[in-house]
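Undergrad: sequence? don't have it. structure:
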């Protein structure tokens, strides 16, 4: 599952710190679409296997993650304390 080791989250501040880092930028949905397109291009450039299931899972995760972060894009967005790192697997958010 994606989500990273617990030690990384503990040292970096976890989900709340990641959201705070990207929040309040005023980015819109078009920005998110462009970001996902760049991510997919990076998958291609990195030479990852052409495995459809792998690419689908990675792309679905990035679409979800981008939308999650963009929800906190408005300048007045309130970021809840104690956000936990989501667990993402082959079947999506788990």
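TA: Structure received. Values in this document were obtained by computation on a predicted structure and should not be read as measured data.
Undergrad: part of a helix, is residue 76?
TA: No: assigned with DSSP: H, G, I helix; E, B strand; the rest coil, residue 76 falls outside any helix and is coil.
Undergrad: Quick check: phi and psi on the residue sitting nearest the centre point of the chain?
TA: Of all residues in the chain, the one closest to the mean position by C-alpha atoms, centre = their mean is residue 65, 2.9 Å from it. Backbone geometry at residue 65, expressed as degrees, to the nearest 10, gives phi -60, psi -40.
Undergrad: quick one: contacts for it?
TA: Contacts for residue 65 (C-beta atoms under 8 Å, 6 or more residues apart in numbering) come out as none. C-beta: built from backbone N, CA, C; applies to glycine.
Undergrad: for this protein, what spans make up the strands?
TA: 88-89, 92-93 (DSSP state E).
Undergrad: now the ones you listed in CSV, with mean pLDDT?
TA: Below are these laid out as CSV (pLDDT from 0 to 100):
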stretch, mean pLDDT
strand 88-89, 82
strand 92-93, 84
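Undergrad: Buried deepest among those, which one?
TA: strand 88-89 (a mean of 15; mean count of other C-beta atoms under 10 Å).
Undergrad: which residue packs closest to residue 93, ignoring adjacent ones?
TA: residue 86 (5.9 Å; C-beta to C-beta, 6 or more residues apart in numbering).
Undergrad: how near is the one you found to residue 69?
TA: 12 Å (C-beta to C-beta, to the nearest Å).
Undergrad: and what of residue 82?
TA: Remark: distance between residue 82 and residue 69 (C-beta to C-beta) = 17 Å.
Undergrad: who has more neighbours, those two?
TA: residue 69 (18 against 7; other C-beta atoms under 10 Å).
Undergrad: what about the nearest residue to the more buried one once chain neighbours are set aside, neighbour count?
TA: Of all residues not flanking residue 69 in the chain, residue 22 sits nearest, at 4.7 Å (C-beta to C-beta, 6+ apart). Burial of residue 22 is recorded as 16 neighbouring residues (other C-beta under 10 Å).
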